[in-house]
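Colleague: From the sequence below, what's the structure:
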Amino acid sequence: MINPIKVGKRLSTLRGNKTQEKVASDCGISTSALAMYESGKRMPRDEIKVKLARYYNTTVEELFFAS
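Modeller: Take a look at the predicted model:
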């Protein structure tokens with residue numbers, strides 16, 4: 001089961017010093033969507049999960065399903 005709050009924290013941590021605007025632009029998503037993912041209010045579609053995992057050089061499993 002995916003925990004949206006944990007996923008959001010992981011995404012925020014991985015983003016580091018980059019702006020949400022930069023990451024969203026690089027991944028082809030809106031800044032508001034990324035903000036919602038990082039806050040745990042929304043989960044991305046599978047294709048966006050893949051884009052984010054590739055962007056952060058990790059796997060979908062580690063990013064979204066690790067406990």
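Colleague: The most centrally placed residue in the chain and Tyr56, how far apart?
Modeller: Closest to where the C-alpha atoms of the chain average out (CA atoms, centre = their mean) is Leu11, at 4.4 Å. Distance of Leu11 to Tyr56, computed by CB to CB, to the nearest Å: 8 Å. All C-beta spots, glycine's among them, are computed from the backbone N, C-alpha and C.
Colleague: Check Ala24 too.
Modeller: For Ala24 relative to Tyr56 (CB to CB), the value is 13 Å.
Colleague: Let's test this: mean pLDDT of the lengthiest helix in the chain, rounded?
Modeller: Counting residues, the longest helix found in the chain (DSSP state H) is helix 4-15. Helix 4-15 carries an average pLDDT of 97.
Colleague: For the protein, just list every one of the helices.
Modeller: Secondary structure of the chain (DSSP H): helices at 4-15, 20-27, 31-39, 46-55, 60.
Colleague: about what we covered before: give me the common contacts of Leu11 and Tyr56.
Modeller: Residues touching both Leu11 and Tyr56 (CB atoms under 8 Å, 6 or more residues apart in numbering) are Leu63.
Colleague: returning to that earlier point: contact partners for the residue nearest to the centre of the chain?
Modeller: Residues in contact with Leu11 (CB under 8 Å, 6+ apart) are 34, 37-38, 52, 63.
Colleague: How far off centre is the longest helix of the chain?
Modeller: Centre-to-centre, helix 4-15 and its host chain are 7 Å apart (CA atoms, centre = their mean, to the nearest Å).
Colleague: do the same with stretch 42-54
Modeller: 7 Å.
Colleague: Contacts for that stretch, please.
Modeller: 2, 4, 7, 11, 27-29, 33, 36-37, 59-60, 62-64.
Colleague: sorry, back to before: next, the angle helix 20-27 makes with the longest helix of the chain.
Modeller: Interaxial angle, helix 4-15 versus helix 20-27 (axes from the mean of the first three to the mean of the last three CA atoms, to 10 degrees): 90 degrees.
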